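Engineer: any chance you can model this:
(one chain, ligands or ions: 2)
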Amino acid sequence: MNLAIVGAGYVGLVTGVCFAAKGHRVVATDKNLDKIKSLQAGKIPIYEPGLEDLLKEVVRAKKISFTEDLGEAVRAADVVFLCVDTPPQENGMADLSSVESASRQIAKHLAGYKVIVEKSTVPVKTGERVGRTLEKYCPAGVSFDVVSNPEFLREGAAVQDALNPDRIVVGTQSEKARQVMRELYAGYAAPILFTDIKSAEMIKHAANAFLAMKISFVNAVAQICELAGADISQVAQGIGLDKRIGSSFLNAGIGYGGSCFPKDVDAFARIAQELGYPFRLLSEVQEINRFQRQHFIRKIEDELWVVKDKEVGILGIAFKPDTDDIREAPFLTIAEALMNKGAKIRAYDPKAAENARKLLPSVRYVETPYAAAEGADCLVIVTEWKEFKDLDLARIQKSMAHPTVIDGRNLFPPERMKELGFVYRSVGR
Ligand code: UDX
Ligand code: UDX
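Structural biologist: Ligands and ions are numbered 1, 2, ... in the order given. I've put the predicted structure just below:
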């Protein structure tokens with residue numbers, strides 16, 4: 001099939017490349033000309049494992065191309081994917097101005113019959129608005145259907161998630177659009193769940209809010225474990241083995257970050273409120289998340305006693321491993337809080353340092369994890385990159401001014417760290 005991707009960001013690019021790998025013919029467009037130029041030159045602006053290689057493959061097979069001309073992309077397409085950003089506004093509501101303006105532009109180029117797919121995460125009832133906007137701005141006589149087909153991609157594993165999803169959710173009332181979507185996903189093993197459009201929009205918000213709730217729940221239990229002298233890793237394992245609960249998303253840490261959970265929990269709470277239901281559980285999920293991070297900062301401060309002029313090494317900048325994304329990354333809050341109290345911060349991350357340099361230029365970004373530790377009063381683990389698990393801990397212990405590790409991701413067994421001569425504090429253990 002011929003597909004158009006409008007918005008070649010984290011989601012749009014992965015979606016486009018993966019559909020191309022499944023044999024569809026994809027044209028992706030973006031309002032950011034630099035992005036399009038770099039993609040045309042075969043360079044991807046983000047780090048996502050496997051994406052660059054797959055892009056090269058599909059470019060070679062002439063299955064994907066990039067254009068700054070939205071009209072060109074839309075005119076050729078049977079299905080148009082809306083993948084523009086939906087960032088949070090000050091009040092927590094999703095800012096839908098990109099969705100609105102992209103819909104207007106798409107409308108102008110509609111001809112014949114096309115399916116317009118909402119991929120961006122949007123509050124329930126946005127599909128209706130998109131439909132009305134297309135109707136208002138499209139030429140007379142064209143026909144189209146709007147479909148909600150939310151993405152469930154985890155950054156760092158997005159290619160795998162896009163090629164082998166657990167489920168495919170397709171929200172539409174139109175049998176014609178359903179048939180188009182069946183054809184689009186013919187090469188996928190996952191079950192397709194057909195729903196109405198509002199339910200599909202709701203599934204995305206509810207899924208992300210539920211996962212965020214799982215994380216906040218385990219983080220709250222971790223707090224109680226610390227107070228009681230229990231071990232959250234054992235507790236999480238014990239509850240996760242219950243099939244009804246499941247073991248994933250039960251890692252206690254420093255709270256969730258990233259471009260989705262914080263904004264989607266906010267937006268879901270706001271839309272619920274607007275519709276007349278005060279979803280207080282979600283306020284608590286957010287509150288626990290904030291507390292978790294602040295508590296971790298206090299733990300570091302407590303260990304240092306006086307923060308001013310202390311050398312603090314930080315391992316991990318990205319909001320999670322295997323990405324260079326720093327949106328809502330705990331690193332930003334932690335580094336800023338410590339610098340405000342006069343600490344000198346050096347930080348290491350395999351991929352995200354360049355992005356962080358633009359936001360926090362006063363941090364010293366170092367080239368190796370060992371450079372972050374050398375001579376430091378304290379080493380803080382913020383992201384659980386695999387390479388940190390394999391570090392030569394004895395070397396780190398010897399090189400630090402004071403061998404203290406504050407671990408926000410529970411990477412190491414406490415007994416081992418003690419044996420190696422570290423002062424070691426982790427989360428909920
Ligand atoms: C996406 C979804 O949009 C968001 O709802 C979801 O929750 C997370 O994933 P993401 O792909 O991460 O967002 O956003 P971003 O990387 O900012 O990409 C959006 C792209 O759309 C940008 O490249 C931007 O230039 C482009 N864009 C935006 C357009 O091409 N046209 C517009 O009118 C607005
Ligand atoms: C999430 C959803 O998983 C995905 O389905 C959706 O479409 C987009 O949002 P993403 O934000 O990329 O994906 O990553 P995810 O792996 O879900 O992690 C989100 C945050 O939760 C990270 O900050 C991570 O560190 C944190 N997390 C995750 C925990 O603290 N504990 C866990 O057990 C799992």
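Engineer: neighbours of Lys119, how many?
Structural biologist: Using other CB atoms under 10 Å, Lys119 has 22 other residues around it. Heads up, the C-betas are built off the backbone N, CA and C, glycines and all.
Engineer: over to Ala177?
Structural biologist: Neighbour count of Ala177, defined by other CB under 10 Å: 24.
Engineer: for the helix or strand harbouring it, packing partners?
Structural biologist: Using DSSP states H and E, Ala177 maps to helix 175-184. Contacts defined by 3 or more CB pairs under 8 Å, 6 or more residues apart in numbering; DSSP states H and E place helix 175-184 against strand 79-82, strand 113-118, strand 143-148, strand 192-195.
Engineer: quick check: buried residues in that helix?
Structural biologist: Buried residues in helix 175-184, counted by 16 or more other CB atoms under 10 Å: 177-178, 180-181, 184.
Engineer: what is the mean pLDDT for stretch 34-42?
Structural biologist: On average, the pLDDT along stretch 34-42 is 95.
Engineer: buried ones in that stretch, by neighbour count?
Structural biologist: Quick answer for stretch 34-42 (16+ other CB under 10 Å): 35-36, 39.
Engineer: same question, stretch 57-69
Structural biologist: Buried residues in stretch 57-69 (16+ other CB under 10 Å): 58-59, 63-67.
Engineer: residue numbers of the stretch 51-200 of the chain in contact with ligand 1?
Structural biologist: Residues of the stretch 51-200 of the chain lying close to ligand 1 (CB under 6 Å from any ligand atom) are 83-86, 98, 101-102, 120-121.
Engineer: may I see the ChimeraX selection of the buried members of these?
Structural biologist: Filtering these down to the buried ones (16+ other CB under 10 Å) takes a single ChimeraX command:
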select :83,84,85,86,98,102,120,121
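Engineer: out of the residues of the stretch 51-200 of the chain next to ligand 1, which two sit at the greatest distance?
Structural biologist: In terms of CB to CB, those reach their longest pairwise distance at Ser101 and Thr121, which sit 17.2 Å apart.
Engineer: any chance of JSON lines for the helices and strands packed on helix 175-184, columns mean neighbour count, mean pLDDT and distance to Met417?
Structural biologist: Rendered in JSON lines, the data for the helices and strands packed on helix 175-184 read as follows (neighbours: other CB atoms under 10 Å; pLDDT from 0 to 100; distance: least, CB to CB, whole Å):
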{"stretch": "strand 79-82", "mean neighbour count": "26", "mean pLDDT": "98", "distance to Met417": "47"}
{"stretch": "strand 113-118", "mean neighbour count": "24", "mean pLDDT": "98", "distance to Met417": "47"}
{"stretch": "strand 143-148", "mean neighbour count": "22", "mean pLDDT": "98", "distance to Met417": "47"}
{"stretch": "strand 192-195", "mean neighbour count": "16", "mean pLDDT": "98", "distance to Met417": "46"}
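Engineer: turn those into TSV, including distance to Phe412.
Structural biologist: Converted to TSV, the helices and strands packed on helix 175-184 look like this (distance: least, CB to CB, whole Å):
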stretch	distance to Phe412
strand 79-82	42
strand 113-118	43
strand 143-148	43
strand 192-195	41
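Engineer: quick one: which of the buried residues of stretch 57-69 sit in strands?
Structural biologist: 64-67 (DSSP state E).
Engineer: would you list the residues you listed in a markdown table and tack on pLDDT and distance to Arg346?
Structural biologist: Below are these laid out as a markdown table (pLDDT from 0 to 100; distance: CB to CB, whole Å):
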| residue | pLDDT | distance to Arg346 |
| --- | --- | --- |
| Ile64 | 98 | 40 |
| Ser65 | 98 | 43 |
| Phe66 | 98 | 38 |
| Thr67 | 98 | 42 |
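Engineer: would you turn the buried residues of helix 175-184 into JSON lines with pLDDT?
Structural biologist: Below are these laid out as JSON lines (pLDDT from 0 to 100):
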{"residue": "Ala177", "pLDDT": "98"}
{"residue": "Arg178", "pLDDT": "98"}
{"residue": "Val180", "pLDDT": "98"}
{"residue": "Met181", "pLDDT": "98"}
{"residue": "Leu184", "pLDDT": "98"}
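Engineer: quick check, the one helix or strand Glu287 maps to touching ligand 2?
Structural biologist: Using DSSP H and E, Glu287 sits within helix 280-304. No: Helix 280-304 stays clear of ligand 2 (CB under 6 Å from any ligand atom), getting no nearer than 8.7 Å.
Engineer: residue of this protein with the smallest distance to ligand 1?
Structural biologist: Going by CB to the nearest ligand atom, ligand 1 is nearest to Gly9 of the chain, at 1.7 Å.
Engineer: just give me the neighbour total for that residue.
Structural biologist: 19.
Engineer: try the one 4 residues further on
Structural biologist: Using other CB under 10 Å, the number of residues around Leu13 comes to 26.
Engineer: ok, now Asp231?
Structural biologist: 17.
Engineer: which SS state does the residue of the stretch 301-429 of the chain found nearest ligand 2 fall under?
Structural biologist: Closest approach between the stretch 301-429 of the chain and ligand 2, counting by CB to the nearest ligand atom: Lys320, at 4.3 Å. Following DSSP: H, G, I helix; E, B strand; the rest coil, we place Lys320 in the coil state.
Engineer: and for it, the neighbour number?
Structural biologist: With other CB under 10 Å as criterion, Lys320 counts 21.
Engineer: list the contacts for it?
Structural biologist: Lys320 makes contacts with 155-156, 257-258, 383-384, as judged by CB atoms under 8 Å, 6 or more residues apart in numbering.
Engineer: quick check: phi and psi on it?
Structural biologist: Dihedral angles of Lys320 (phi, psi; degrees, to the nearest 10) stand at phi -160, psi 170.
Engineer: next one, pLDDT for it please.
Structural biologist: Predicted confidence (pLDDT) for Lys320: 98.
Engineer: assess the claim that Ala73 and Arg25 are in contact.
Structural biologist: No: using CB atoms under 8 Å, Ala73 makes no contact with Arg25, being 11.2 Å away.
Engineer: the two: which has the busier surroundings?
Structural biologist: Ala73 (26 against 18).
Engineer: quick one: secondary structure of the more buried one?
Structural biologist: Classified using three-state DSSP, Ala73 is helix.
Engineer: return the residues in contact with it.
Structural biologist: 4-6, 27-29, 67, 80.
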